[in-house]
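A.B. asks: A predicted structure for the sequence below; I have some questions about it.
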Amino acid sequence: MAKTSSGDNRRRDTRSKVSAKVRLIHPSLEGVLLNTYDISDGGVFLYTEGFEPPELGEIVQIQMTGLPMEAPIVTMKIVRRISDGIGLAFVLDSDD
């Protein structure tokens, strides 16, 4: 059974619904393509139906796909896990 967060709504940033494909990168994966649900200044939520994502607290990377240029790879941390998705927070240099 997947671990989940407490479900507390501790969101500080306004979320915008955005449907986009991103590549989720982690040493245990082979660059899985997932869909976004929403994005904010603090992070992004990805749908993971039918896919077992890395554990809560793991550092991952994402990259937008389908753009006319190669998108940058962004480092993020899994901060929320629920049955159909994961919440990721942007990792800033000061977070190391």
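C.D. replies: In hand now; what should we look at? Numbering: from 1, shown residues only.

A.B. asks: for burial, what's the neighbour tally of the nearest residue to residue 45 once chain neighbours are set aside?
C.D. replies: Counting by CB to CB, 6 or more residues apart in numbering, residue 45 lies nearest to residue 37, which is 4.4 Å off, once chain neighbours are set aside. C-betas here are computed from N, CA, C, even on glycine. Neighbourhood size, residue 37 [other CB atoms under 10 Å]: 18.

A.B. asks: residue 37 - that's part of a strand, no?
C.D. replies: Yes: under DSSP: H, G, I helix; E, B strand; the rest coil, residue 37 falls within a strand.

A.B. asks: contacts only, for it.
C.D. replies: 17, 18, 19, 45, 46, 47, 85 (CB atoms under 8 Å, 6 or more residues apart in numbering).

A.B. asks: enumerate every residue touching residue 71.
C.D. replies: Counted by CB under 8 Å, 6+ apart, residue 71 has contacts 63, 64, 65.

A.B. asks: of all these, which comes closest to residue 23?
C.D. replies: residue 63 (4.7 Å; CB to CB).

A.B. asks: can you give me the distance of the closest one to residue 54?
C.D. replies: According to CB to CB, to the nearest Å, residue 63 stands 16 Å off from residue 54.

A.B. asks: same check on residue 35?
C.D. replies: 17 Å.

A.B. asks: the closest residue in space to residue 58 that isn't next to it in sequence: neighbour count?
C.D. replies: Leaving aside its sequence neighbours, residue 58 sits nearest to residue 78 (CB to CB, 6+ apart; 5.0 Å). Applying other CB under 10 Å, we find 23 residues neighbouring residue 78.

A.B. asks: can you check residue 27 too?
C.D. replies: Residue 27, neighbours per other CB under 10 Å, totals 8.

A.B. asks: what do you get for residue 87?
C.D. replies: Counted with other CB under 10 Å, residue 87 comes out at 22.

A.B. asks: so which elements touch the host helix or strand of it?
C.D. replies: In this assignment (DSSP states H and E), residue 87 forms part of strand 85-90. Strand 85-90 is packed against strand 43-47, strand 74-82, with contacts defined by 3 or more CB pairs under 8 Å, 6 or more residues apart in numbering; DSSP states H and E.
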